[in-house]
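>>> next comes the sequence, and after it the predicted model I'd like to discuss.
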Amino acid sequence: MTSPIFNVALARTATGRSVAKPTALPVRDDDGDAMFLLCNILHLRNDKLPSRLPAEALYKLAALAEKYKCAVAVGRATIGWFDRLYHASSQVYVDPCRIIEAAILLDEPTFFARFTERWMLSEPFGNNSLVPAAADARMKRLSTELCNRRTTLLATIRADIDLLIDPCSIAFSKTTEHYIDYAPGMTPDPDDQGRIGSLCRVDEGAATLYLGALRDEKIWPAMVWPASLGGIIETIRLFRVPEYDECDKCDFCEGVKGKFGLLVTLVKKMHAERVWGLCLDCFKAGGVNAGECRYEHAKVKAA
Ligand SMILES: [Zn+2]
Ligand SMILES: [Zn+2]
């Protein structure tokens with residue numbers, strides 16, 4: 001009932017509800033282990049199903065389900081295996097390409113999003129392809145979309161870091177340089193001894209401290225970044241604004257401490273919301289899925 005292909009192949013020799021004699025179905029070209037699993041799933045033999053399945057075996061099962069057009073029935077049984085692979089210890093190698101392809105074949109949106117996100121975050125920047133050279137057109141397109149998404153996210157991170165640098169750099173500019181309690185551009189009148197007080201260094205001190213901390217934590221400049229997107233996001237997440245005492249600040253200070261602290265909070269929050277993998281429904285639609293996606297995500301509205 002779940003597979004139109006099996007249905008036709010078996011119905012041809014069956015008469016009505018009762019089968020006259022056992023029907024042999026040639027499956028010599030199919031993977032034996034995958035076929036055994038597939039039959040147990042279709043016959044609801046849940047007690048025969050293993051609790052874990054390697055990525056390669058899951059992929060073979062998915063390919064077989066696709067071949068016999070019964071991915072809908074098989075999909076439910078595979079959720080637990082996807083989950084185990086997703087939470088497997090880091091010592092267990094899970095081929096991201098195989099598992100993502102299995103998620104496409106079984107139409108599994110949650111783990112498609114999770115595994116694409118994992119690849120995007122953990123893969124070093126040098127690697128620009130998810131798939132082997134011999135991959136089919138669909139998987140090549142996926143690889144390109146995933147790399148494009150990583151590049152877009154990276155650009156937003158660069159822009160965010162520029163946001164953090166901005167209030168620091170302004171402290172060193174001529175336009176904000178000022179004497180204590182005097183607006184920029186004003187020079188205090190000399191006192192009896194001809195002294196004119198000193199330049200206010202409160203903002204400059206904060207900026208120097210923060211830029212040093214960003215550099216120490218490998219957040220700025222970009223040349224000191226860790227080698228993966230996930231590495232950069234994690235360093236930003238862990239960044240703590242160092243303590244700075246600005247009790248000497250005057251009315252004409254820019255308030256670098258306050259601005260920088262707010263921006264750090266903002267940037268961390270933006271990344272938490274922005275970073276995720278790809279949506280299977282959108283990928284299958286070849287861009288942005290017009291209807292509701294099973295994986296919840298923000299969409300850019302088409303103009
Ligand atoms: Zn000042
Ligand atoms: Zn979508």
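That came in fine, so what should we check first? Ligands and ions are numbered 1, 2, ... in the order given.
>>> for the residue located most distally from the centre of the chain, phi and psi?
Most distant residue from the mean C-alpha position of the chain: residue 192, 65.0 Å away (Cα atoms, centre = their mean). Per-residue torsions, residue 192: phi -60, psi -40 (degrees, to the nearest 10).
>>> for ligand 2, see how far away it is.
74 Å (Cβ to the ion, to the nearest Å). For glycine as for every other residue, the C-beta is placed from the backbone atoms N, C-alpha and C.
>>> all helices of this protein, in order?
Ranges of helices in the chain, per DSSP state H, are 4-11, 32-42, 55-67, 71-86, 96-105, 109-122, 137-170, 202-216, 229-238, 256-274, 280-285.
>>> let's have the ones you listed in TSV, adding mean neighbour count, mean pLDDT and distance to ligand 1.
Listed next are the helices of the chain as TSV, based on neighbours: other Cβ atoms under 10 Å; pLDDT from 0 to 100; distance: least, Cβ to the ion, whole Å:
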stretch	mean neighbour count	mean pLDDT	distance to ligand 1
helix 4-11	13	84	77
helix 32-42	17	96	72
helix 55-67	21	97	60
helix 71-86	18	95	53
helix 96-105	23	96	53
helix 109-122	21	95	42
helix 137-170	16	94	13
helix 202-216	19	97	5
helix 229-238	17	93	29
helix 256-274	16	91	10
helix 280-285	18	96	51
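>>> right, so of these, which gets closest to ligand 2?
Taking Cβ to the ion, helix 280-285 is the member of those nearest to ligand 2, at 3.4 Å.
>>> and that closest one, what does it pack against?
Contact analysis of helix 280-285 by 3 or more Cβ pairs under 8 Å, 6 or more residues apart in numbering; DSSP states H and E lists helix 96-105, helix 109-122 as its packing neighbours.
>>> now do that helix: everything it contacts.
Residues from elsewhere that reach helix 280-285, judged by Cβ atoms under 8 Å, 6 or more residues apart in numbering: 103-104, 107-109, 112-113, 142, 145, 288-289, 291, 293-295, 299.
>>> give me the buried positions along stretch 191-200.
residue 200 (16 or more other Cβ atoms under 10 Å).
>>> could you list the residues in contact with it?
177-182, 187-190, 248-250, 252-253.
>>> now those: which count as buried?
In the contacts of stretch 191-200, burial by neighbour count holds for 177-180, 182, 249, 252-253, counting by 16+ other Cβ under 10 Å.
>>> which pair of those spans the longest distance?
177 and 249 (14.4 Å; Cβ to Cβ).
>>> what's the closest non-adjacent residue to the closest residue to ligand 1 within the stretch 1-150 of the chain?
Nearest residue of the stretch 1-150 of the chain to ligand 1: residue 125, at 41.4 Å (Cβ to the ion). Among residues not flanking residue 125 along the chain, residue 227 sits closest, at 6.0 Å (Cβ to Cβ, 6 or more residues apart in numbering).
>>> correct me, but the one you found touches residue 127?
No. Using Cβ atoms under 8 Å, residue 227 makes no contact with residue 127, being 9.9 Å away.
>>> what does the chain have sitting close to ligand 2?
Residues of the chain lying near ligand 2 by Cβ under 5 Å from the ion: 279, 281-282, 289, 293.
>>> double-check residue 140 against residue 130; I have them as touching.
No. Residue 140 is beyond contact range of residue 130, at 9.1 Å (criterion: Cβ under 8 Å).
>>> was I right to think residue 299 contacts residue 288?
Yes. Proximity of residue 299 to residue 288 meets the contact threshold set by Cβ under 8 Å, at 5.8 Å.
>>> much appreciated, bye for now.
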